[in-house]
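S.K.: show me the folded form of this:
(one chain, ligands or ions: 2)
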Amino acid sequence: MTTTEKASAAASGASATERFHTDKSPFEAVRDVPAERVDMLAREVLDAVHATIRRHRVSYDEYNALKAWLIGVGQDGEWPLFLDVWVEHVIEDVATSHRHGNKGSIEGPYYVPDAPELGADATLPMRDGEAGTPLVWEGQITSTDGKPLAGKVELWHADSDGFYSQFAPGIPQWNLRGSISTGADGRFRITTIRPAPYQIPTDGSCGKLIAAAGWHAWRPAHLHVKVSAPGHEMLTAQLYFPGDPHNGDDIADAVKPELMLAPVAQPDGSENVQYGFVLDPVRA
Ligand code: MBD
Ligand code: FE
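M.R.: Ligands and ions are numbered 1, 2, ... in the order given. A predicted model of the protein is given here:
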């Protein structure tokens, strides 16, 4: 840690909850969902809960612990974290199963829109002497027919301590966040640093569940992207680094082989990676 303050679950949870409320009007999009569908989904989830209780003869003590824990998740602002870690990967699978272009992955709780606009040859905002191995990433955005697309790569990632700007104290607002626009050739070149693996906060309710269940709290190191171009479906993805100890047991289950980078060490101590994106045209 370079800063004396530590990112607490309550602080990062509160930021993530506030961010979610500012960015989305989630109920707008489901205004016209018929009661039959709400009834079916709610009933099936409750049926699954009831079946688990009966199968394992869940006691009143366990029920009360669950109740207290659920209340705590809300008080800690950790619903975005909980849902994105343990549920979103299946939503993402279902939402993108029709695609022929790039595989995607979950967005997670730490995306912030309107990051600084950068050109196609970009350096992410960084602190003076930002710690971490310098990383130069070159790629191209193309359509499924192979044609280049003038598009945008929104990139955000943790620093070399595993912390995200705006969700941990003491980090400049847009540190390691940027929106990179390409020209007509779709090409981009981004200079940043390699992020560290990310440990979800252990001092909040999600951490309590992890400890009580004997799980670990780690996600492998990753770069988050949202890649877009006119007439094409937005791609939300994460890119991973070979050899990370948690590539095989990501707590958020969001690693896919297609999203693995192949960094090449350079004589100057930096790394170079080549990775491009294929976007699916919007369906007619
Ligand atoms: C992260 O950085 C993340 O990407 C996800 C999915 C959940 C928690 C923290
Ligand atoms: Fe992340």
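S.K.: quick one: contacts for residue 198?
M.R.: Residue 198 makes contacts with 158, 162, 218, 219, 221, 222, as judged by C-beta atoms under 8 Å, 6 or more residues apart in numbering. The C-beta positions use only the backbone N, C-alpha and C, and glycine is treated the same way.
S.K.: neighbours of the fifth one, how many?
M.R.: Right, residue 221. When neighbours are counted by other C-beta atoms under 10 Å, residue 221 registers 24.
S.K.: wait, it sits on residue 193?
M.R.: No. Using C-beta atoms under 8 Å, residue 221 is not in contact with residue 193, being 10.8 Å away.
S.K.: who's in contact with the nearest residue to residue 210 once chain neighbours are set aside?
M.R.: Closest residue in space to residue 210, ignoring its immediate chain neighbours: residue 217 at 5.0 Å, by C-beta to C-beta, 6 or more residues apart in numbering. Residues near residue 217 by C-beta under 8 Å, 6+ apart: 199, 200, 201, 202, 206, 207, 210, 251.
S.K.: just send the residues you listed back as CSV, with secondary structure too.
M.R.: As requested, those are exported to CSV (DSSP: H, G, I helix; E, B strand; the rest coil):
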residue, secondary structure
199, strand
200, coil
201, coil
202, coil
206, helix
207, helix
210, helix
251, coil
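S.K.: pull out the buried residues from those.
M.R.: 199, 200, 201, 206, 207, 210, 251 (16 or more other C-beta atoms under 10 Å).
S.K.: the residues you listed also near ligand 1: which ones?
M.R.: Within the set of those, contact with ligand 1 (C-beta under 6 Å from any ligand atom) is found for residue 200.
S.K.: between the buried ones among the contacts of residue 217, which is closest to ligand 1?
M.R.: Closest approach to ligand 1 among these (C-beta to the nearest ligand atom): residue 200, at 5.3 Å.
S.K.: quick one, what contacts that closest one?
M.R.: Counting by C-beta under 8 Å, 6+ apart, residue 200 touches 81, 85, 206, 207, 210, 217, 218, 219, 251.
S.K.: switch the cut-off to 7 Å
M.R.: With contact taken as C-beta atoms under 7 Å, 6 or more residues apart in numbering, residue 200 is in contact with 81, 85, 206, 217, 251.
S.K.: kindly report the same for residue 266.
M.R.: By C-beta under 7 Å, 6+ apart, the contact list for residue 266 reads residue 272.
S.K.: the stretch 151-284 of the chain: helices as residue ranges?
M.R.: 205-213 (DSSP state H, counting those that start in this stretch).
S.K.: and it, which residues reach ligand 1?
M.R.: The stretch 151-284 of the chain has residues 198, 200, 219, 252, 254 near ligand 1, with proximity defined as C-beta under 6 Å from any ligand atom.
S.K.: repeat for the stretch 1-150 of the chain
M.R.: Counting by C-beta under 6 Å from any ligand atom, the stretch 1-150 of the chain sits next to ligand 1 at 81, 84, 85, 106, 108, 109, 110.
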